[in-house]
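**Q** Need a 3D model of the following:
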Amino acid sequence: MNVFEVHRNIIDDYSRYIRSFIRIDDDQIRCTVDDELSKGKLWPEPLLQFNPAFKSAGKVTDLAYSGVLHPDVGDIFTGYSLWQHQLDAIQLGSAGKDFIVTSGTGSGKSLTYIGTIFSRLLANPGSHGVAAVVVYPLNALINSQTDELKRYADNFTRIRGADFPISYGQYTGQEEEGPRESMRRSPPQILLTNYMMLELLLTRVQERAIRDAIYENLRYLVFDELHTYRGRQGADVAMLIRRIRARCRNDVVCIGTSATMASGGTSEDRRRKVADVASTLFGKKFLPSQVVSETLTPSLDTSAGPPTPRQLADAIDAGVQPSTDLAALRVHPVALWLEARAALDESTGELLRRKPRPIGDLARALSDDSSQPLQKCLVALT
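**A** Numbering: from 1, shown residues only. Here you go, the predicted structure:
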């Protein structure tokens, strides 16, 4: 499938639909409207963005063997590799420190707090009550995380031939009464919920057992997708967190994850802004050093340096053949140019994600750098 052809077909259909009910008698107005529609007034060109590569940092088993995490964590996460931001966050969590992870979608943010929580629970076998509450903005995310926890449990059982020693469960408005009653009788060590249900758990008489299990045993309070809690909803959540922390017997480690929450300035400036937001939301001081952001790295072979205009021009002429292997693609001049101009931004001295750009802008930039015609560059990119 050629995504650009799909996009073009959709736009053509939409354009015909729009033009079908435009009837303008005045020639000047009609020409002006036609000209604006032809320029794409109602359908801007597609934006192009690449997911950059994260810096690798070994495997989860390395942390288990080194003593940063409980040894049994290695059996739960067998075969799992770590990115640098995951390693940095887990090291903070294993030291009992609050932390915030801000990185892109699909970057494994949940592993940072799940690994931290698992390690503590494994180090304290047989502990009762709710040791960790993980709050998600959507029930769909709770369902997904519950499935993920089951996969971790299955990993452990398959390797060790024993039952998974950690209990977990979700408590939202979508469960049947049977499972909910079972959780009231025996609250799980890890409770997955949303902030509205968490509010109800702390106030309704029938959930008193879960409430008490939280107040007596809570060690970790995690809020996923922090950037969704803003305005009045953010104020509600901030007050809820303060109530929980005020009633808990233990000092609670507060953890948050989010997509990028701040932009502009240096990395220290961005961490400081995120730390300020976290301090306001959780009601406790976060330092910039407790904010972990993604560490990016080139995914292509940059050892020969950036491509020259001549190399770009020759590559645009040659195109990419279906038979081209991975090794050749990793040194392809246009691929190298795209990673440098569309995926990674090194202008501040560190590698950052670039913002999405219209494909036409990229084609014009490629034309300038290669001295090739604009249309030819657009074809090469698509």
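**Q** low-confidence ranges in this protein?
**A** 261-265 (pLDDT under 70).
**Q** domain assignment for it?
**A** 56-293, 298-381 (the TED database).
**Q** what's the span of the last one, first residue to last?
**A** This stretch, domain 298-381, spans 19 Å end to end (Cα to Cα, to the nearest Å).
**Q** cool, the first one as well?
**A** One end of domain 56-293 sits 14 Å from the other (Cα to Cα).
**Q** ok, back up a step: and of the domains of the chain, who's closest to R30?
**A** Between R30 and these, the shortest separation by Cβ to Cβ is 26.3 Å, and it involves domain 298-381. Any C-beta I mention is one placed from the backbone N, CA and C, and that applies to glycine too.
**Q** wouldn't L312 be in contact with P333 here?
**A** Yes. Counting by Cβ atoms under 8 Å, L312 touches P333, with 5.1 Å between them.
**Q** related to what we said a few turns ago, next, format the domains of the chain as a markdown table and append distance to S15.
**A** Converted to a markdown table, the domains of the chain look like this (distance: least, Cβ to Cβ, whole Å):
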| stretch | distance to S15 |
| --- | --- |
| domain 56-293 | 31 |
| domain 298-381 | 17 |
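**Q** As a markdown table, the ones you listed with mean neighbour count and distance to D26 would be great.
**A** Shown next, in a markdown table, are the domains of the chain (neighbours: other Cβ atoms under 10 Å; distance: least, Cβ to Cβ, whole Å):
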| stretch | mean neighbour count | distance to D26 |
| --- | --- | --- |
| domain 56-293 | 18 | 45 |
| domain 298-381 | 15 | 31 |
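**Q** quick one, which of the ones you listed is nearest to G40?
**A** domain 298-381 (9.5 Å).
**Q** And the closest one, how far out from the chain middle?
**A** 26 Å (Cα atoms, centre = their mean, to the nearest Å).
**Q** now do stretch 130-150
**A** 15 Å.
**Q** Also stretch 286-306?
**A** In this view, stretch 286-306 has its centroid 15 Å away from the chain centroid, taken as Cα atoms, centre = their mean.
**Q** got it, and stretch 174-185?
**A** Chain-centre distance of stretch 174-185: 31 Å, with Cα atoms, centre = their mean.
**Q** Give me the contact list for it.
**A** N139, G169, Y171, Q206, E207, A209, I210 (Cβ atoms under 8 Å, 6 or more residues apart in numbering).
**Q** before we move on, what about stretch 202-210?
**A** Identification of contacts with stretch 202-210 by Cβ under 8 Å, 6+ apart yields 130, 171, 183-185, 187, 191, 200-201, 211, 214, 240, 243-244.
**Q** Out of those, name the ones that lie in helices.
**A** Using DSSP state H, M183, R184, R185, L200, L201, R211, I214, L240, R243, I244 are the members of the contacts of stretch 202-210 that sit in helices.
**Q** where along the stretch 101-250 of the chain do the helices fall?
**A** Using DSSP state H, counting those that start in this stretch, the helices of the stretch 101-250 of the chain run over 109-123, 139-160, 177-185, 195-201, 208-217, 231-247.
**Q** What secondary structure category should be reported for F50?
**A** coil (DSSP: H, G, I helix; E, B strand; the rest coil).
**Q** In this structure it contacts A343, no?
**A** Yes. Here F50 reaches A343: they are 3.7 Å apart, a contact under Cβ under 8 Å.
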